[in-house]
Structures are given as structure tokens and as C-alpha cells.
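>>> got a structure for you, letters missing:
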DNA sequence: GCGAACCTTCACGCGAACGTCAAGGTGTGG
DNA sequence: CCACACCTTGACGTTCGCGTGAAGGTTCGC
């Protein structure tokens, strides 16, 4: 059975940097990616795992999961290339540094600076996504235009002489 | 062979199959694609040029242009793979057949059947596009959520103690 | 009828985004 | 302590979506 720590009387709250570290296959199952892809994304600099085990296993924390899901969304839903995703997410090294700096910074002023940087990036992400959505919207409009055109033609034919009903083609 | 009607006093609407046939490079300029891509799309069955010249040059009519523009939109704006585009456009051979049959069919009833088929296809295209747009919309919402979260954190820091102004960071 | 520009069909090459072994090290329940 | 699943780093293979010649035929203006 599980050798789970039976009763941690009081987790000392001072530093608990082990919330839920997952190994690569669990991450894969969780995100719908493959281990190979995840390693590849690391290779091209899209994300760094939160840490490594003593035996050098990659270990991922929840924020890594979120990032991977975001990457997958950008790839599958938005159809961006990994290169574009790299530009959107911008410099994984910076993220790591920022998190480090943020934790280290007791100074509220520095935290604000970091937060503003993050906010700017998210703003750019949103506008990029919205631009894409707008182009998609245009395409949908055009397709609807063709649809209306066809409907008009069809109506013309049907209206001119409502011959016999075509069975179950009403819809 | 066919002689071209030099001066069709009254275009009898029965057959005028030479409106504006373009060669591949003109089509490329018109659609923003490359000749190589256009040939490749033909190779994988995305479209057949309206005809060939006596010297075997590919010749494209306006509906080919429209189709190519649609393909480009699906590829660039919607981010579909060419395989997915093939599924969306569904069987170029059918389109050719349909057009042929439509022209040949004086029968209004058969024309209606063909039009209904086309309409169904366009309907499926629209719903596929809208599904994609919805997923993109979800992504945008999530990104906005993160944005709001960051804003809240930032506001908390700034509100708690509005220290000194950060110069020109007002955006 | 000639040259330039365009076209044709192969055919090979390339970067992106992984898949797939191979040859080992790691973690753990029994 | 061992079996076995999981992990590691290479390294090579694959598919997609074309780019880039090579070698030759076609159009067209002059």
C-alpha cells in the first residue's frame, strides 16, 4: 500500500516547495501531450520543469502544467507554430528568473515592476489572440455569405415551382 | 476543335466557359500563394484547375481563385492543416462533377438536389469554423482571467501603500 | 523565326514537430 | 535484493509543406 506520511502534525509553513511534483508521464496524461513533445518543448526553450529528482528525473509543478496546457491550446486551438508560441510566451528563462526574483523580493516596489512586466505580456497575448479571432470571424462571415447565396438560389428554384416534396430533405 | 465565338451577339447563357482563365503565376500573384504551393494543393487533391491550355499549361477560372483564397484563409487565419482543409472542402472531384452536372442539368429538380448538397457542405464548414472560434474564445477568456488576476495582485500592492510614482509607467 | 518569359514534370532538400528505438540509470513494491 | 516500470540522453526516421534546381516544352512580342 501507500507509504504516505501518515500524520504530518504541522507542516512548518516556512518553506514547502513540494506541492505536487509530477513526473513526465503523469504530466503527459494530464495535458494530453506526449513525453516526447514535452521534452521537445523544453529543448526549444518553451519551458523548464520546476526541478529534477536526485536521479535526474524531470519534475513538474502546477504552474508548469498550466503553461503546458496553454501551449497546447495555442498549438491546437489557435493554430500557432511553436516558434510563434515561443514569441508569445517570450523567454522562458525570464519567467524562471522572475519567479525567483519575485520570491526573493520582499520589496513591494520590485514586485510591482515584475507584475507589470507580466501584465504587459499577457496583454500582448490577449491582443494577438483577439486578432486571430477577428480574422477567423471574417472567414466565418464570408462562409455565411456563400451560404446565403446558395440559399437564395435554392429558394429561387423552389419558389418558382414547388414541384413535389423531396421526402425527408426538409431539415 | 471548337472555334471561339468571335462576337456573341447575345450570350445565350447556354455555354460561355471562357470568362477569364489565368495561368498559374497570375493566380499566385492574385492569391498570395506560390506556384509551387498551388501545384502542391492540386497534387494532394485540394483543387483541379478549370482546364489546360493546348500546351498543357494549367488554366484557372474565378471559382478556382475563390477556392484558393478560401484554402489560404483556412491555412493562415484558421490554422488548419492541409489534411483538415481537405476534409472541410471534401472531395474536389465531387465539386467538379457537381459543376458539370449542374450545367448539364436543365432539370430544376436535379439542380435543387445539387444545391442542397453544396449547402450542407457550407453548413458544415461554418460550424467547424465556429467551433474553432469558440475554442479560441475560451482561450481568450482564460487569458483575460490571468490578466485580471495579475491586475488584482498589482492593485493590492499599489493600493496598500501608494509609495512613490513610478515615473512614466502609466502606460 | 527568335529570344525572353513562362510553363511542364521529376527529383532532391529542408525545417518543423515530433516518433521510435537503443543503451543505460532510477524508484519501489514484494 | 530483485524485478519491473519508469526515467535519462542520444541518435536516427518520418510526415508535412513546401523551396529549389534541372531539363525541356510553350507563348508571345517583335
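Nice, I can see it. On a predicted model such as this, the values are computed, not experimentally measured, just so you know. Numbering: from 1, shown residues only, chains lettered A, B, ... in the order given.

>>> for DNA strand C, what are the nearby residues on chain A?
A:1-3, A:34, A:36-37, A:40, A:44, A:53-57, A:75, A:81-83 (C-beta under 7 Å from any atom of the strand). Using the backbone N, CA and C atoms, a C-beta is placed for each residue, glycine as well.

>>> for PyMOL, what selects the buried ones among the residues you listed?
Here is the PyMOL command that picks out the buried ones among those, judged by 16 or more other C-beta atoms under 10 Å in any protein chain shown:
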select buried, chain A and resi 37+75+82
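
>>> what's the helix or strand for the residue positioned nearest the centre of chain A?
The centroid of chain A falls nearest to residue A:70 when counting by C-alpha atoms, centre = their mean (1.0 Å). Per DSSP states H and E, residue A:70 falls inside helix A:62-72.

>>> from DNA strand D, how far out is the residue nearest to the centre of chain A?
Remark: distance between residue A:70 and DNA strand D (C-beta to the nearest atom of the strand, to the nearest Å) = 21 Å.

>>> about what we covered before: show only the entries of the residues of chain A next to DNA strand C found in helices.
Assigned to helices by DSSP state H, the following of the residues of chain A next to DNA strand C qualify: A:36, A:37, A:40, A:82, A:83.

>>> contacts only, for the fourth one.
Yep, that's residue A:82 we're talking about. A:41, A:44, A:46, A:75 (C-beta atoms under 8 Å, 6 or more residues apart in numbering or on different chains).

>>> can you pull the contacts of the closest residue to the first one other than its chain neighbours?
This means residue A:41. Closest residue in space to residue A:41, ignoring its immediate chain neighbours: residue A:47 at 6.0 Å, by C-beta to C-beta, 6 or more residues apart in numbering or on different chains. Each residue near residue A:47 by C-beta under 8 Å, 6+ apart is listed here: A:41, A:64, A:67, A:68, A:71, A:92, A:95.

>>> that's a strand at residue A:47, yeah?
No - under the criterion used here (DSSP: H, G, I helix; E, B strand; the rest coil), residue A:47 is coil, not part of a strand.

>>> please report phi then psi for it.
Recorded main-chain torsions at residue A:47 are phi -160, psi 150, according to degrees, to the nearest 10.

>>> how far away is it from chain B?
16 Å (C-beta to the nearest C-beta, to the nearest Å).

>>> cool, residue A:136 as well?
Relative to chain B, and taking C-beta to the nearest C-beta, residue A:136 is found at 5 Å.

>>> now residue A:139
Relative to chain B, residue A:139 is positioned 5 Å away (C-beta to the nearest C-beta).

>>> try residue A:44
Residue A:44 is 19 Å from chain B, by C-beta to the nearest C-beta.

>>> OK, contacts around that residue?
Counted by C-beta under 8 Å, 6+ apart, residue A:44 has contacts A:82, A:86.

>>> what pLDDT does the residue in chain A that DNA strand C sits nearest to get?
Nearest residue of chain A to DNA strand C (C-beta to the nearest atom of the strand) works out as residue A:55 at 2.2 Å. Looking at residue A:55, its pLDDT stands at 96.

>>> for residue A:95, same thing?
Model confidence at residue A:95 (pLDDT) stands at 72.

>>> contacts only, for it.
Taking C-beta under 8 Å, 6+ apart as the test, what residue A:95 contacts is A:47, A:89.

>>> coming back round to it: restricting to the ones in helices among the residues of chain A next to DNA strand C, which residues neighbour DNA strand D?
Counting by C-beta under 7 Å from any atom of the strand, no member of these is near DNA strand D.

>>> show me what contacts the residue nearest to the centre of chain A?
A:89, B:142.

>>> and the top helix by length along chain A, what does it pack onto?
Ranked by residue count, the top helix of chain A under DSSP H comes out as helix A:108-160. Helices and strands touching helix A:108-160, by 3 or more C-beta pairs under 8 Å, 6 or more residues apart in numbering or on different chains; DSSP states H and E, are helix A:82-89, helix A:92-104, helix B:62-76, helix B:108-160.

>>> distance of the closest residue to residue A:133 other than its chain neighbours from residue B:62?
Counting by C-beta to C-beta, 6+ apart, residue A:133 lies nearest to residue B:136, which is 5.0 Å off, once chain neighbours are set aside. Distance, residue B:136 to residue B:62, using C-beta to C-beta, to the nearest Å: 31 Å.
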